[in-house]
Structures are given as C-alpha cells and as structure tokens.
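A.B. asks: here is the input, now give the coordinates:
(one chain, ligands or ions: 1)
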Amino acid sequence: MKKIVIKFPEKCTGCELCVLETQRQLAKVGIEGSLIRIFRDKDNADQITFSIEMDPRINDLNIKSLVKICPAEVFEIESSDKPNNLKESKKTHGN
Ligand code: SF4
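C.D. replies: Residues are numbered from 1 along each chain as shown. From the prediction side, this is the model:
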C-alpha cells in the first residue's frame, strides 16, 4: 500500500495548493474540514514558518496528484511493503 508522507516540511511556502487540491478531489468548496491543514508560525528569528497537518484519510485520495501539485516538493509517496518479508517468504519456498 502506498501513502503520502511529509518529507521536507521546512520547504513549505504556505501556498495551500495542496489544500485546494484535496478539496477539489472531494468536490468541496472552501478549506473547512480539509484533510490537509497549513499552520503559519514564527521561529525564534521571527521568520515565518509553516507546519502541515495531514489526516491519514488523505491516502484514500489521488495522492500522486497531491505530490505533483506542491511547487516546493514537500511530499513523497512511500510504499509500506516490506522487502524483508518478501525475502523471508522466498526462503520458505526454496528447495
Ligand atoms: S502545496 Fe506544498 S508548499 Fe504549498 S502549502 Fe502545500 S505543502 Fe506547502
């Protein structure tokens, strides 16, 4: 199973394109109840930073398109398949 992960949160520019894409896929208007939320904050040096909150149900959407829409390449798709399990199952089927 594949899932979307926040790989480079520090690159987020707060553009909210990911939020809009999520809502578009759900055919919702506005950002209320979105499965992705962007929070604006300030760091110790008074620089604006953004943090991202994602509901796990986001993985039911077209995550490829969500990764693609982010101009800052914050997201990645990870596969939760474990290659080690595959190796083990091969061993048990050997002659
Ligand atoms: S699309 Fe990317 S840069 Fe824009 S708010 Fe979402 S995560 Fe941040």
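
A.B. asks: OK, contacts around E76?
C.D. replies: E76 makes contact with 4-5, 7, 67, according to C-beta atoms under 8 Å, 6 or more residues apart in numbering. For glycine as for every other residue, the C-beta is placed from the backbone atoms N, C-alpha and C.

A.B. asks: quick check on those: which are buried?
C.D. replies: 4, 67 (16 or more other C-beta atoms under 10 Å).

A.B. asks: which of the contacts of E76 fall within strands?
C.D. replies: Residues from the contacts of E76 lying in strands, with DSSP state E as the criterion: 4-5.

A.B. asks: I'd like the contacts of E76 written out as a markdown table, with distance to L17 added.
C.D. replies: Output for those, formatted as a markdown table (distance: C-beta to C-beta, whole Å):
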| residue | distance to L17 |
| --- | --- |
| I4 | 14 |
| V5 | 18 |
| K7 | 16 |
| V67 | 11 |
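
A.B. asks: thanks a lot, see you next time.
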